[in-house]
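Chemist: okay, predicted coordinates and the sequence, questions at the end:
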Amino acid sequence: MLMTIWQALILGIIQGATEFLPVSSSGHLVLFNNIFGISGNTIAFSVFLHLATLFAVFIILRKQIWWLIKHPFSPLAKKLYLSTAITVVIALIFESFFKSMFSGAYLSLFFMITAVLLVTTELVASKRPYHAFTYKTAIVVGLVQGIAVIPGISRSGSTICAGVLEGANREECAEFSFILSIPIIIGSMLFEIFDCIKLGVPFFDASAPEILIAFVAAFLVGLLCVKVMLSVVKKAKFLPFAIYLVGLSIVCLFI
């Protein structure tokens, strides 16, 4: 079944609300696609909605992004290149496996894994000092982001947690994670476009009104949630999200 305008609106809101919160936006999209009974190229639609929330990152972190554009060979830029390269290698090696996970068969398990990671990070974060964001941290974050392609494992949550558990400053980890989403999301969209061209299938199975509504909803809600997540990271209050994911994991067992 193809999506309706109301379903597109709901999916857009879900994407905007969950992309920057540590609860896995792709996992929520897969879950609701299954609930709605939507068929077709849902992976491409998910990537397109990620592009909408990417615009929110550009607006909120525009100063940091502009600084990186003007300093493409700075230590921070090099760390972003390193993390991105590691993620791309992992995504290409395990491409078939990752795509099979978009069926949603193991969502419950991966939501639970994210919950455990969040609880672990909150416990550790309050008990030790932090160091600056290093190249070692960038390697760890890149590895974890590669695994976070799996729906149910939060990309933002896992990369921030990975950085914090490695010992890096929480706020640096959050900003790095959000900026790191830029090349990954753009690369994912280009990859899906080329894949659709190669297979001779349409990139979207939804009509223009549904696509536009979902995109705008994801962008507007995403603007709010970037600010919320940056505030949450400063306080390291991940427990409410972990509790939510445990509940969602249980629900997924019955859906």
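Modeler: Received it, and whenever you're ready, just let me know what you need.
Chemist: looks like C196 contacts A44 (just checking).
Modeler: Yes - using C-beta atoms under 8 Å, C196 is in contact with A44, at 6.5 Å. (Glycine included, C-beta is placed from N, CA and C.)
Chemist: out of these two, which sits in the more crowded spot?
Modeler: Taking neighbours as other C-beta atoms under 10 Å, C196 and A44 compare with A44 leading, 21 against 16.
Chemist: helices of the stretch 151-255 of the chain, start to end?
Modeler: Here the stretch 151-255 of the chain has its helices, by DSSP state H, counting those that start in this stretch, at 155-166, 170-199, 208-235, 239-253.
Chemist: most packed of the ones you listed?
Modeler: Highest mean neighbour count of the helices of the stretch 151-255 of the chain: helix 155-166, a mean of 25 (counted as mean count of other C-beta atoms under 10 Å).
Chemist: mind saving the C-alpha coords of that one as CSV?
Modeler: Only the C-alpha atoms of helix 155-166 are listed here, as CSV (Å, rounded to 0.1, in the frame of the first residue of the first chain):
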residue,chain,number,x,y,z
ARG,A,155,22.9,7.2,15.1
SER,A,156,23.1,10.4,17.2
GLY,A,157,22.7,8.5,20.4
SER,A,158,25.3,5.8,19.7
THR,A,159,27.9,8.2,18.3
ILE,A,160,27.5,10.7,21.2
CYS,A,161,27.6,7.8,23.7
ALA,A,162,30.7,6.3,22.0
GLY,A,163,32.5,9.6,22.3
VAL,A,164,31.5,10.1,25.9
LEU,A,165,32.5,6.5,26.9
GLU,A,166,35.8,7.0,25.2
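Chemist: show me what that helix is packed against.
Modeler: Helices and strands touching helix 155-166, as assessed by 3 or more C-beta pairs under 8 Å, 6 or more residues apart in numbering; DSSP states H and E, comprise helix 107-125, helix 135-147, helix 170-199.
Chemist: so I150, which of the three states?
Modeler: Classification of I150 using DSSP: H, G, I helix; E, B strand; the rest coil returns coil.
Chemist: got the contact list for the closest residue to it other than its chain neighbours?
Modeler: Leaving aside its sequence neighbours, I150 sits nearest to M101 (C-beta to C-beta, 6 or more residues apart in numbering; 4.9 Å). By C-beta atoms under 8 Å, 6 or more residues apart in numbering, the contact list for M101 reads F110, I150, P151, G152.
Chemist: which one of those residues is nearest to L76?
Modeler: I150 (27.3 Å; C-beta to C-beta).
Chemist: against L92, how distant is the closest one?
Modeler: Going from I150 to L92 by C-beta to C-beta, to the nearest Å gives 15 Å.
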